[in-house]
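In: Sharing a model prediction with you, sequence too.
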Amino acid sequence: MVEEVVPLSDDELLRYARHVLLDGWDIDAQLRLKSARVVMIGAGGLGCPASETLVRAGVGYVHLIDDDEIEASNLQRQTLFLPEDIGKSKALSAAAMLARINPLTQAHGTVARLDENNAYELLGMATNKPDLLLDCTDNFTTRDSINRISVRYKIPLLSASAIAMQGQLALFEPQLDTGCYHCVFGSVVRDDAADERTCANSGVLASTTAVMGNLQANAALQYLGLTKNPLTNKLLIWDGSQMQQRLMGYRKDPQCPVCSSVN
């Protein structure tokens, strides 16, 4: 978080009044949201609902990174886009819509594909290290790369996935050395067949991305506002076809090639 605390304006107090009424949530929690910097990788099915909820809730700065353009098939689930947006940049269009939704926050879009070579620059590490990374992508290879970036720079990583009628969610804290994405999914990452399964070739119900994106936002709000990880060493698994949700525990892999060798 940035050190300087800027008080809530009258407009902010009015907009976020229902937050402050919550048990366990107060002005300080809302101020922590206001000062938070979030980077979201992916402005599609997960990134749209997650970023919208964070911006509506008052997260001060949301940066979306995506190199893709909007297609007609995206409109079924990517809730920040309209038919007239087809062919435009997802990151820039999403940021523009978020700015309209809540002008009291800052939304920025970058047309790029994040990787380990450009991460330092794109994440603004030289001046404003993000408080949280949100992985809203749709393939294991990209998620593994984002995890390596998270571990390298010790930035908490909130990783969500959604496909068909199922989803998964985990919040990794590399600064606490409690394990990383590769500790949980290492064997899957090395499975090329599994990596090929995406929404584009396997399908996804519109409600799946809406649910998982908002579960991701829910975890982010608690982490940023209350400094609480509701998923410490746990993987949330959601099954929309059975309307079931469960938590599975995990432990740091002492032989993990990603996080075990990082001091």
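Out: Sure, I can see it. Numbers count the residues shown, from 1 in each chain.
In: What separation do you get for the residue nearest to Asp67 when sequence neighbours are not counted and Gln242?
Out: Computed as C-beta to C-beta, 6 or more residues apart in numbering, the closest residue to Asp67 that is not its neighbour in sequence is Arg113, at 4.4 Å. The way it works is simple: take the backbone N, C-alpha and C, and place the C-beta from them, glycine included. Counting by C-beta to C-beta, to the nearest Å, the gap from Arg113 to Gln242 is 35 Å.
In: Then Cys183?
Out: For Cys183, the distance to Gln242 - C-beta to C-beta - is 27 Å.
In: between those two, who's got more neighbours?
Out: More crowded of Cys183 and Gln242, by other C-beta atoms under 10 Å: Cys183, with 22 against 9.
In: so that one sits right up against Pro254, yeah?
Out: No: in this structure, Cys183 is not within contact of Pro254 by C-beta atoms under 8 Å, at 9.3 Å.
In: Spit out the residues that contact those two alike.
Out: Taking C-beta atoms under 8 Å, 6 or more residues apart in numbering as the contact rule, Cys183 and Pro254 touch no residue in common.
In: Give me the neighbour count for the residue nearest to Asp67.
Out: 14.
In: Need the phi and psi values for it.
Out: With angles defined as degrees, to the nearest 10, Arg113 sits at phi -110, psi 110.
In: Same question for Gln166.
Out: phi -130, psi 160.
In: ok, now Leu132?
Out: According to degrees, to the nearest 10, Leu132 has phi -160, psi 140.
In: quick one: pLDDT of it?
Out: Reported pLDDT at Leu132 in the predicted model: 98.
In: Alpha carbons of stretch 235-252, as PDB, please.
Out: Extracted C-alpha coordinates of stretch 235-252, given in PDB (Å, rounded to 0.1, in the frame of the first residue of the first chain):
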ATOM      1  CA  LEU A 235      -7.900 -24.000  -3.200                       C
ATOM      2  CA  LEU A 236     -11.500 -23.200  -3.700                       C
ATOM      3  CA  ILE A 237     -13.300 -25.500  -6.200                       C
ATOM      4  CA  TRP A 238     -16.700 -24.500  -7.500                       C
ATOM      5  CA  ASP A 239     -19.000 -26.900  -9.500                       C
ATOM      6  CA  GLY A 240     -21.900 -25.100 -11.100                       C
ATOM      7  CA  SER A 241     -23.500 -28.200 -12.400                       C
ATOM      8  CA  GLN A 242     -24.000 -29.500  -8.900                       C
ATOM      9  CA  MET A 243     -24.200 -26.100  -7.200                       C
ATOM     10  CA  GLN A 244     -21.400 -27.200  -4.900                       C
ATOM     11  CA  GLN A 245     -18.300 -25.500  -3.500                       C
ATOM     12  CA  ARG A 246     -15.500 -27.000  -1.500                       C
ATOM     13  CA  LEU A 247     -12.100 -26.100  -0.100                       C
ATOM     14  CA  MET A 248      -9.000 -28.300  -0.600                       C
ATOM     15  CA  GLY A 249      -5.900 -27.700   1.500                       C
ATOM     16  CA  TYR A 250      -2.400 -27.600   0.000                       C
ATOM     17  CA  ARG A 251       1.200 -27.200   1.300                       C
ATOM     18  CA  LYS A 252       4.300 -25.700  -0.100                       C
END
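In: Report the buried residues of it.
Out: 235-236, 238, 240, 252 (16 or more other C-beta atoms under 10 Å).
In: so which of the residues you listed comes closest to Leu21?
Out: Here the nearest of the buried residues of stretch 235-252 to Leu21, counting by C-beta to C-beta, is Leu236; it sits at 26.6 Å.
In: show me the contacts for the residue nearest to the closest one when sequence neighbours are not counted.
Out: Excluding the flanking residues, the one nearest Leu236 by C-beta to C-beta, 6+ apart is Leu169, at 4.2 Å. Neighbouring residues of Leu169 by C-beta under 8 Å, 6+ apart: 158-161, 212, 215-216, 219, 231, 235-236, 238.
In: Show me what the host helix or strand of Val39 is packed against.
Out: Using DSSP states H and E, Val39 maps to strand 37-41. If you count contacts as 3 or more C-beta pairs under 8 Å, 6 or more residues apart in numbering; DSSP states H and E, strand 37-41 packs onto helix 47-57, strand 61-65, strand 132-135.
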